[in-house]
Structure formats: structure tokens, C-alpha cells
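A.B. asks: Mind looking at a prediction? Sequence and model below.
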Amino acid sequence: MSGVRLSDVRRTTDRLADGREIIFFDRPGAPERVVDDRRPLTAASTSSQIRRDPMLDEYVVMASHRQDRTYLPPADECPLDPSVDGKRTEVPTPDYQVVVFENRFPSLSGPGKGRCEVVCFSSDHNASFADLTADQVDLVLSAWIDRSIELAALPGVEQVFCFENRGEEIGVTLSHPHGQIYAYPFVTPRTTRMLEVAQRYRAGTGGVLVDDVVAAERRDGSRVVGETEEWTAFVPEAARWPVEVHLYPKRRVPDLPGLDAAQRADFGPLYLDLLRRFDRLYGTPLPYIAAWHQAPVRAGRDLLGLHLEVFSIRRSADKLKFLAGSESAMGAFIGDVLPERTAERLRSA
Ligand SMILES: [Zn+2]
């Protein structure tokens, strides 16, 4: 078994007491990660069901076992901290830099039904992603790349989704800085739709939709909030959320493993700058969802482009946007803020 071999990353794999895989990503020179998990864990019975909605031809995952998962534990019981001072957590080592392990309460599990993993961005319980250094972001990126390669190679996996939910307002049950990776045994409804649209555009124009949209945003500029040598960040013209920014590499790649060294190195500084602007918008940590869109494992790899969509449900200092009738029932979003205005506020935040 081999993941991505980035020369400046040391990868250590082991098993937790119940057999789940754990993978450490460290800079060379960090202490060896020796797992000694003495928790009396029995393998969780967590088989999920995948059902198809015949009216929409969309998959829905049934994961009823998740009802019992840990919900907002006190900080001294955080299961994502290193195991020190007699405390036994999900990470049975005295420290770590970035660590990934299989979720004990996965939404997707069982033979051929995909896999769910947890990524801890830092061992510091009180940090958030925006507090990481560019080098730490690069190490997280290495972990995402490694997992995207390995999960895509599992039998039946059709799409790999790396994401972060940040803030209790989003429904986060653990405040420790972490994200998740879902390996789906199907192509998700959103990506299926994006692929259909891209195929239609190719048939009609011969072009690649994502290239033309990003080029148009860069030419127009009114919604661009940040730009580096390799990446562009902009509020989409038809943004659905009160705060919404999409980050695209200027040279299109299908997925995270497709990023070259220059693109990888250039991502952290732009993303950190953006997240810090997010937190300055309302003077309070902004709840957000950060979602990596990758091309499916076996479809659309020449038509879809890797990008990160980051968005928040906060629409003012003390108001959240809830998905009500039009959004939840009809999928028709009603925007509360003009995207050009959001871009302007983010540029000056
Ligand atoms: Zn913690």
C-alpha cells in the first residue's frame, strides 16, 4: 500500500484498537508515531444503506447509527486531542502534526459502500484552520492528496470529497480543528449535474465550461477577492450564500493529486488570507463549509476542474440564513446579498 510520496512528508500507518486505520503525516524530524491504543473498543456496527430516489434519480445515504455519536464534549474530553496524561483519545500518541483516521461513526461504511475519514489539522485544540501556518496547510494538503489517491483506489469508490465544517452553527459536534473525507460509492447529485452541464457546453461550443467561467471572472474582476501566481478566488456571479468564495487553480487539474508543486505551495497563503478576512467580516469567527470539488474517479476528468467552494450561512453579525421553503423544497435559492457587494466587503475586510 503506498500513498503519495512527497519527499518532505513522512507517512506512518497503524491500526486503532477496533481495527480502524490511522495515518500520520509529519515533517521529517518529528518524533516517531508509535500507536498503543489500549481502549477497550469493539468494532462498531455501522453498515449504512444507500437508497435511490426514483423521482430524482439521486442517491440518499441512510446512516441511522450516527444518532449516538459524541456531541460537543467538554474540551478536556476532546477525542481528537493527542493521548496524554492518562486521557485516551482517538489519536493514541503523545502528539501529532496532521493525522487521519477512519470515522468510528461513518455515514458511509460496509463492503463496497465507501468510507469516511476524519482529518485533524493540528493537535492544538483551540486552533482553527485560519491559525495554521502556510507550511501546516501544505501538510494538510499532502494528507488530502494522499487520501484522494488511496480512497479512489478502493473497490467501488466513485468520488472523493474532502471538506471542513466549521462552527456549531453548521452543526459541528467537535470544536477541535478537523475536517472529513467521504469516499462515495456513487457520483454525488451535485457533481452529476455539473458534469451534465459541462458535457452540454462542450457539445455546443467545443470548450471547457470551467475554463471559460474562470477566465470571464478574471476579466471582469468585480467579484475577484484574491489572486496569486497560481490561484484565483472570486464570489460566483450567482452566489447562493451570504458569504461564498470559490478558489480555482489557474491551470485546470481534475483533482487534488493533479496539483503540481507550484500550485500546492501557492494555495496556503491565498486560503489563509481569505479565511482571516472571513473572520474579520463580522468580528466573530465565521461558521463555514469548505468543500473541495474533485472530478469523479472514472468520469468527466477532462471536463470538470478541481476547485474549493467556501461558504457561510451567516448573513449579518447576528443572523443566519436558514434553508426555508424555496431553497429546501424547490432548490431555488434566494440570495440575501449581491455577490459584488460581498466581494467588495471581503476585499476591504
Ligand atoms: Zn481537541
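C.D. replies: Thanks, I have the structure now.
A.B. asks: Only C-alpha atoms from now on, for both contacts and neighbour counts.
C.D. replies: Fine.
A.B. asks: Would you pull up the residue in the stretch 51-200 of the chain closest to the ion?
C.D. replies: H125 (3.8 Å; CA to the ion).
A.B. asks: list the buried ones in stretch 27-47?
C.D. replies: Of the residues in stretch 27-47, those buried under the neighbour-count criterion (16 or more other CA atoms under 10 Å) are 27, 33, 35, 37, 46-47.
A.B. asks: And it, end to end?
C.D. replies: End-to-end distance of stretch 27-47: 35 Å, with CA to CA, to the nearest Å as the criterion.
A.B. asks: check contacts around E21.
C.D. replies: With contacts taken as CA atoms under 8 Å, 6 or more residues apart in numbering, E21 has the following neighbours: 13-15, 101-102.
A.B. asks: near the ion, which residues of this protein?
C.D. replies: Residues of the chain lying close to the ion (CA under 5 Å from the ion) are 78, 80-81, 125, 176.
A.B. asks: Please narrow those to those residing in strands.
C.D. replies: Judged by DSSP state E, the subset of the residues of the chain next to the ion located in strands is empty.
A.B. asks: Run through the helices of the protein in chain order.
C.D. replies: Under the criterion DSSP state H, helices of the chain are mapped to 134-152, 189-205, 209-220, 261-281, 330, 339-348.
A.B. asks: most neighbours per residue, which of these?
C.D. replies: A comparison of the helices of the chain by mean neighbour count, using mean count of other CA atoms under 10 Å, puts helix 134-152 on top with a mean of 21.
A.B. asks: what angle do that helix and helix 261-281 make?
C.D. replies: Compare the direction of helix 134-152 with that of helix 261-281 by axes from the mean of the first three to the mean of the last three CA atoms, to 10 degrees and you get 110 degrees.
A.B. asks: Quick one: mean pLDDT over helix 134-152.
C.D. replies: Confidence over helix 134-152 (mean pLDDT, whole number) is 97.
A.B. asks: who touches that helix?
C.D. replies: 2-4, 6, 9, 25-27, 98, 100, 115, 121, 157-160, 162, 183, 256-257, 264-265, 267-269, 272, 297.
A.B. asks: and those, which are buried?
C.D. replies: The neighbour count (16+ other CA under 10 Å) marks 4, 9, 25-27, 98, 100, 115, 121, 157-160, 162, 183, 256-257, 264-265, 267-268, 272, 297 as buried among the contacts of helix 134-152.
A.B. asks: Which ones among those lie within strands?
C.D. replies: In this view, the buried ones among the contacts of helix 134-152 that belong to strands under DSSP E are 25-26, 98, 100, 115, 159-160, 162, 183.
A.B. asks: So what's the predicted local confidence for the spatially closest residue to L80 that is not a sequence neighbour?
C.D. replies: With CA to CA, 6 or more residues apart in numbering as the measure, E90 is the residue that lies nearest to L80, at 5.8 Å, once sequence neighbours are left out. Reading off the per-residue confidence, E90 sits at a pLDDT of 95.
A.B. asks: can you count the residues close to E90?
C.D. replies: When counting by other CA atoms under 10 Å, one arrives at 20 neighbours for E90.
A.B. asks: Hmm, it is touching P79, no?
C.D. replies: Yes - judged on CA atoms under 8 Å, E90 makes contact with P79 at a distance of 5.3 Å.
A.B. asks: hey, what's I289 bridged with?
C.D. replies: On DSSP bridges, the residues paired with I289 through beta bridges are N165, F311.
A.B. asks: Can you give me the pLDDT of it?
C.D. replies: Per-residue confidence for I289 comes out at a pLDDT of 97.
A.B. asks: before we move on, what about the one 4 residues further on?
C.D. replies: Taken from the predicted model, the pLDDT recorded for H293 is 98.
A.B. asks: just to revisit the earlier point, will you turn the buried residues of stretch 27-47 into CSV that also has pLDDT?
C.D. replies: Putting the buried residues of stretch 27-47 into CSV (pLDDT from 0 to 100) gives the following:
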residue, pLDDT
R27, 96
R33, 96
V35, 94
D37, 92
T46, 71
S47, 76
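A.B. asks: Nearest to R280, out of those: which one, please.
C.D. replies: Closest approach to R280 among these (CA to CA): R27, at 31.0 Å.
A.B. asks: Now do the same contact list for that closest one.
C.D. replies: Taking CA under 8 Å, 6+ apart as the test, what R27 contacts is 8-10, 97, 139.
A.B. asks: I'd like to know which of the contacts of E21 are buried.
C.D. replies: Buried members of these, scored by 16+ other CA under 10 Å, are 101-102.
A.B. asks: Setting aside sequence neighbours, what's the nearest residue to the residue most central in space within the chain?
C.D. replies: Nearest residue to the geometric centre of the chain (CA atoms, centre = their mean): F163, 1.3 Å. Distance criterion CA to CA, 6+ apart; nearest residue to F163, sequence neighbours excluded, is A291 at 4.6 Å.
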